[in-house]
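>>> Return a 3D structure for these sequence lines:
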Amino acid sequence: MKIRVVLGGLALALSTITLNVEKASAEELTVATFIPPQHHINKNLFGWFGKEIAKRSGGSLTMKLFPSGQLGAGPVQQYKRVVEGVADITFGVSAYTAAIFPKTMLIIPPGKSKTAKESTDRLWRVFDKYMADEYKQVKALGVFTVAGSLVASNKDITTMSGLKGTKIVPYAAMTTPIIKAMGAVPVQMPVTKMYTGLSTGTIDATYASYNNITPPWNFWDVSKYVVGNIPVQFAATYVAMNKERYDGLSAAHRKIIDGLSGKTMSDQGSATFDGADQRSEGMMKKSPKMKKVKWVQVSSTERAKMDAAVKKGLESIFADYAKRGIKNAREIYNALNQ
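Prediction:
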């Protein structure tokens, strides 16, 4: 009887120790975004990520989302925040730290892709060869794009003559030669400032996704035109994790993160952007808001002129890259557009 009592007590003690170890190994990851809580990246991408890590870890690995710049205002500092460990994970736009991601940025200029999925697929075909070295400071969880299929404008810019002198925000400063070749004036501005820029006249137009036109960005409130059939630009975005935080996770938790990273998360991200654009396009077709906005298309003749300007601008971009020591920019761009 005494042996049974001792053994029972030992088993209880061991189970208590096991529970304490499990509790001690529980991890919560902080995720910082600059976008509003209802944005599809917060709801869909990080909603998916949070559910997956909890499910695969049995609840020992979780995340807490801090949207709207709660861990630091403004989108420009998102990469710095994750490198310095202000947040464990951040979502950011590559163009805001262009000097860090010059090769990734070559996915931005117009090429063969039309959707975020097409662009993201092309990026990942060549990512390991050309871009992976740009993410050595962090654990890259995902790199994906959003299609700038439209221009929100307060001027009719369906022609090259209409573009002349137009103050327009491109998806990245590196496309400045393309914008200038079209006769427009490039203005750099984060997406969080574009609504005000359009409403005050600081800018005349901006590249936009369908989702920028509708909530949560609501460009349709401050635009007279939505212009389609333009040379599509892409915004390159990333989800990055602090490297020390990743290395400090248990092997089991690192394995879970690895299983959700790379092309897996990037596919989720591009699908989230494309899905949001499809929903917003449907809203635009039905909403009374669009009665005050002219939805116009660039003609095939004018589009050919714009495409010629894109080619001219690309030559200037490649030359600029060469001056900065990246002599294979044309090779990378061509690989991204095979």
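>>> Kindly format the C-alpha coordinates of the strand or helix carrying residue 317 as PDB.
Under the criterion of DSSP states H and E, residue 317 resides in helix 300-323. These are the backbone C-alpha positions of helix 300-323, laid out as PDB (Å, rounded to 0.1, in the frame of the first residue of the first chain):
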ATOM      1  CA  SER A 300      -5.500  50.900 -76.800                       C
ATOM      2  CA  THR A 301      -3.800  53.700 -78.800                       C
ATOM      3  CA  GLU A 302      -2.900  55.700 -75.700                       C
ATOM      4  CA  ARG A 303      -2.000  52.600 -73.800                       C
ATOM      5  CA  ALA A 304       0.600  51.800 -76.500                       C
ATOM      6  CA  LYS A 305       2.100  55.200 -75.900                       C
ATOM      7  CA  MET A 306       2.200  54.600 -72.200                       C
ATOM      8  CA  ASP A 307       3.800  51.200 -72.700                       C
ATOM      9  CA  ALA A 308       6.500  52.900 -74.800                       C
ATOM     10  CA  ALA A 309       7.100  55.300 -72.000                       C
ATOM     11  CA  VAL A 310       7.500  52.400 -69.500                       C
ATOM     12  CA  LYS A 311      10.200  50.900 -71.700                       C
ATOM     13  CA  LYS A 312      12.100  54.200 -71.900                       C
ATOM     14  CA  GLY A 313      11.800  54.600 -68.100                       C
ATOM     15  CA  LEU A 314      13.000  51.000 -67.500                       C
ATOM     16  CA  GLU A 315      16.300  51.800 -69.300                       C
ATOM     17  CA  SER A 316      16.900  54.700 -66.900                       C
ATOM     18  CA  ILE A 317      16.100  52.400 -63.900                       C
ATOM     19  CA  PHE A 318      18.600  49.800 -65.100                       C
ATOM     20  CA  ALA A 319      21.200  52.400 -65.600                       C
ATOM     21  CA  ASP A 320      20.700  53.800 -62.100                       C
ATOM     22  CA  TYR A 321      20.900  50.300 -60.600                       C
ATOM     23  CA  ALA A 322      24.200  49.800 -62.400                       C
ATOM     24  CA  LYS A 323      25.600  53.000 -61.000                       C
END
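>>> Now do it, average pLDDT.
The pLDDT scores in helix 300-323 average 98.
>>> Go ahead and name everything in contact with it.
102, 109-110, 158-160, 163, 174-175, 177-183, 229-231, 298, 327, 329-330, 333 (Cβ atoms under 8 Å, 6 or more residues apart in numbering). All C-beta spots, glycine's among them, are computed from the backbone N, C-alpha and C.
>>> which stretches of the stretch 151-300 of the chain form helices?
160-163, 176-181, 191-200, 210-213, 243-248, 251-260, 263-286, 300-323 (DSSP state H, counting those that start in this stretch).
>>> Let me know which of these is tucked in deepest.
Between these, helix 210-213 has the highest mean count of neighbours, a mean of 25, where neighbours are mean count of other Cβ atoms under 10 Å.
>>> Now do that one, average pLDDT.
Rounded mean pLDDT across helix 210-213 is 97.
>>> And that helix, what does it pack against?
Judged by 3 or more Cβ pairs under 8 Å, 6 or more residues apart in numbering; DSSP states H and E, helix 210-213 is in contact with strand 150-153, helix 263-286.
>>> Show me what the shortest one pairs with in its sheet, parallel or antiparallel.
By that I understand strand 150-153. Here strand 150-153 is paired, per DSSP bridges, with strand 205-208 (antiparallel), strand 225-228 (antiparallel).
>>> Please work out which residues outside the last one touch it.
Outside strand 225-228, the residues that touch it by Cβ under 8 Å, 6+ apart are 149-158, 205, 208, 213, 220, 284, 290, 293-298.
>>> Same check on stretch 284-292?
210, 213-214, 220-221, 224, 226, 295.
>>> residue nearest the centroid of the chain?
What sits nearest the mean C-alpha location of the chain, by Cα atoms, centre = their mean, is residue 237, with 2.5 Å.
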